[in-house]
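Visitor: give me the fold of what follows.
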Amino acid sequence: MTFMAQKKWIVRGVIVVAVFAAMLIYCVKAMLDYPSDVSVESPSGRYVMQNVPVEKIFMLGGMAYLRVTDRQNPQKVYRTPLYDMQSLDMRPFENEQRVGISWIDFDQQAKTFTISMPQWKESWLNVFISNTPYTNLEND
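Guide: Residues are numbered from 1 along each chain as shown. Purely as a prediction, here's the structure:
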């Protein structure tokens with residue numbers, strides 16, 4: 001293969017990678033800006049918890065993330081990793097340390113999520129969606 005042919009293949013490869021990266025960035029940005037379909041307040045009213053479905057992208061039918069906003073610091077938004085909406089239960093709870101919905105707790109001091117949904121599975125997109133440390137409690 002000549003140098004020119006090699007160069008042509010390298011350029012094509014770079015273009016394909018750049019297009020894929022641009023599409024990924026666009027899709028993730030779109031997911032982060034999606035409106036919620038369900039929104040609940042914590043019992044104290046300090047936190048707003050929103051279920052944000054993302055089924056329109058990457059064939060993620062039935063997937064969503066929880067967006068938690070502290071009304072005392074509204075510019076700070078905490079997002080969980082993706083979860084299956086079949087297990088969704090938006091009943092809110094709150095105590096001195098934790099706030100959340102059934103299956104998902106947010107530690108107010110440590111700023112971390114604990115996921116305890118049945119059969120919860122990690123997604124490669126969580127790296128882009130979740131902006132908050134989280135742990136998964138096995139619950140099969």
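Visitor: centre of the chain to stretch 2-10, how far?
Guide: Computed by CA atoms, centre = their mean, to the nearest Å, the chain-centroid distance of stretch 2-10 equals 40 Å.
Visitor: actually stretch 76-91, not the one I wrote
Guide: The offset between the C-alpha centroid of stretch 76-91 and the centroid of the whole chain comes to 8 Å, using CA atoms, centre = their mean.
Visitor: ok, stretch 111-127 next?
Guide: Counting by CA atoms, centre = their mean, stretch 111-127 is centred 9 Å from the centre of its parent chain.
Visitor: how long is it end to end?
Guide: 17 Å (CA to CA, to the nearest Å).
Visitor: what do you get for stretch 30-39?
Guide: Chord length of stretch 30-39, first to last residue, is 19 Å (CA to CA).
Visitor: list of residues touching that stretch?
Guide: 48-54, 56-57, 64, 67, 79, 88, 90, 125, 128-129 (CB atoms under 8 Å, 6 or more residues apart in numbering). Placement of C-beta: from N, CA and C, glycine included.
Visitor: good, wrapping up.
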